[in-house]
Every structure is written in structure tokens, then in C-alpha cells.
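> how would this look folded up:
(one chain, ligands or ions: 1)
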Amino acid sequence: MKIALLILTSLLVSSIVADDVSKRDRVELPELKMPVNGLMFKMIEGYQDYKIVATHFRTDKDELRYVLANQIGYDALKERRKTMPEGSKIVKIGWSVREMPRFPTALEADKLQRVEYMVKDSKQFDADGDNWGYARFIKKGDRFVSWDKGTDGCISCHSIVKDNDYLFTQIQDTFN
Ligand code: HEC
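Alright, predicted model coming up:
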């Protein structure tokens, strides 16, 4: 009887956990498109499950950033390849920060402010020689809007790191 109860409870618990996970996975990205290059937000559907490769903090914008990569991008970053392969997707998520109410010298993420990405696609993006497509979606209130100022600025600033295939990110050590 005890065993039956135990099994029942663990089944219940695992179904609650499974439900939680699938709800997060089921999040549908909005039908948003970048005005000039036509890149869709949906291009990175499921990015919540990409691997985190770096964490950054912009002191001028007080913004915490996570950089994530899809499997192709992750493997290449891990191998420290000079040029990222076709299909690599690198996503950056930005949050404002606030002091932790129970421990104010620690900061925590507050509001989600942006989701941006770069996708390696030499068929569509060859003009500047870097073969990346750039997309930025900004959170306004409870919805996202596409960045409407074009992507020339993205390319020119990212050309600072031309010698690293236009990526500022270096994979961040976790254990090895
Ligand atoms: C004025 C400079 C500048 C501009 C303009 C800029 N970026 Fe970046 N970007 C950075 C810096 C610095 C980082 C690394 C620090 C960070 O994560 O914010 C970065 C990081 C990124 C990353 C993570 C991969 C990487 O290179 O480390 C993505 C994705 C990204 N930017 C997308 C964009 C998109 C899309 C645009 C244009 C809409 C854009 N950026 C415009 C400076 C810039």
C-alpha cells in the first residue's frame, strides 16, 4: 500500500514538473519581422533551451545580458573555431537589474528588455562579408516590437571584432 502511494505521488509530482517544462517550451514567439532583412523572431523559436555561452553586463546601460547558442553555434564556440558554421544562431537576452530585496548588495534580473540574435546564413547575407543576419526585438510594456533602425549599425559596431568572426562573445568557462 505504501509503495502504491509512493508511486502515485511520484507520478503526480513528475506530471506537474513535466507540465511546467512543456508550458515553457510551448511559448510561441510573436509574428514579428525585421523591416529591412525580413528576419523573423520565430527564427529562434525554442531559444530558451539554447545553451548559455556567456554573461555580460553593460555598465552604461545597466543591463545584464545572457548570450546563448544553438547546438551548431555552441559546438563551434566550444571548439574555438575561427569562423562560425552555417546555421549558427547566437541569441542575446537583456534584463534591467534591481537590488535583491532581501540582500541589497546582490543584484538580480528585473525586467526583460530585449532579445537579439545573429544567424549565420551566407546565402542571404553576403553583402558585408561577415555572412551574419542581425535581428533585434525590444520589449515595450507587455509585448515585443521589431527594431526599426536597420542593421548597418549592428554590422559596423560588430566589425570591431572582425577578427573573431564579428562576435564579441568568447565562450565562458563553467568548469573546463
Ligand atoms: C555600439 C556597438 C554595438 C551595436 C550598435 C550593436 N552591438 Fe551587438 N554587441 C555589442 C557588444 C559590445 C556585445 C558584447 C556585450 C553584450 O553582450 O552586450 C554585443 C553582443 C551581441 C550579441 C551576442 C554575440 C556577440 O557578438 O557577442 C548579439 C546577438 C548582438 N550583439 C546583436 C546585435 C544586433 C542585432 C545589433 C543591431 C540591431 C547589435 N548587436 C548592435 C556591441 C554592439
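> show me what counts as buried in stretch 161-176.
For stretch 161-176, burial by neighbour count (16 or more other Cβ atoms under 10 Å) applies to 165-167, 169, 171. (C-beta placed from N, C-alpha, C; glycine too.)
> packing partners for the longest strand that the chain contains?
Secondary structure of the chain read by DSSP state E shows that its longest strand is strand 103-120. Contacts defined by 3 or more Cβ pairs under 8 Å, 6 or more residues apart in numbering; DSSP states H and E place strand 103-120 against strand 63-69, strand 89-100, strand 132-140.
> in a markdown table: those, plus distance to residue 149.
Below are these laid out as a markdown table (distance: least, Cβ to Cβ, whole Å):
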| stretch | distance to residue 149 |
| --- | --- |
| strand 63-69 | 18 |
| strand 89-100 | 17 |
| strand 132-140 | 9 |
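> partners of the longest strand of the chain, with directions?
strand 89-100 (antiparallel), strand 132-140 (antiparallel) (DSSP bridges).
> related to what we said a few turns ago, need the max-distance pair from the buried residues of stretch 161-176.
Taking Cβ to Cβ as the measure, the buried residues of stretch 161-176 span a maximum distance of 15.6 Å, between 166 and 171.
> I'd like to know how far the residue nearest to the spatial centre of the chain sits from residue 102.
For the chain, the residue nearest the mean C-alpha position is residue 91 (3.1 Å; Cα atoms, centre = their mean). Distance of residue 91 to residue 102, computed by Cβ to Cβ, to the nearest Å: 30 Å.
> same check on residue 122?
Look at residue 122 and residue 102: by Cβ to Cβ, they are 49 Å apart.
> could you find the closest non-adjacent residue to residue 28?
Of all residues not flanking residue 28 in the chain, residue 45 sits nearest, at 7.7 Å (Cβ to Cβ, 6 or more residues apart in numbering).
> burial of the one you found, as a residue count?
Residue 45: 12 surrounding residues under other Cβ atoms under 10 Å.
> I'd guessed it sits against residue 29; true?
Yes: taking contacts as Cβ atoms under 8 Å, residue 45 lies within contact range of residue 29: 5.4 Å.
> I am finished for the moment; much appreciated.
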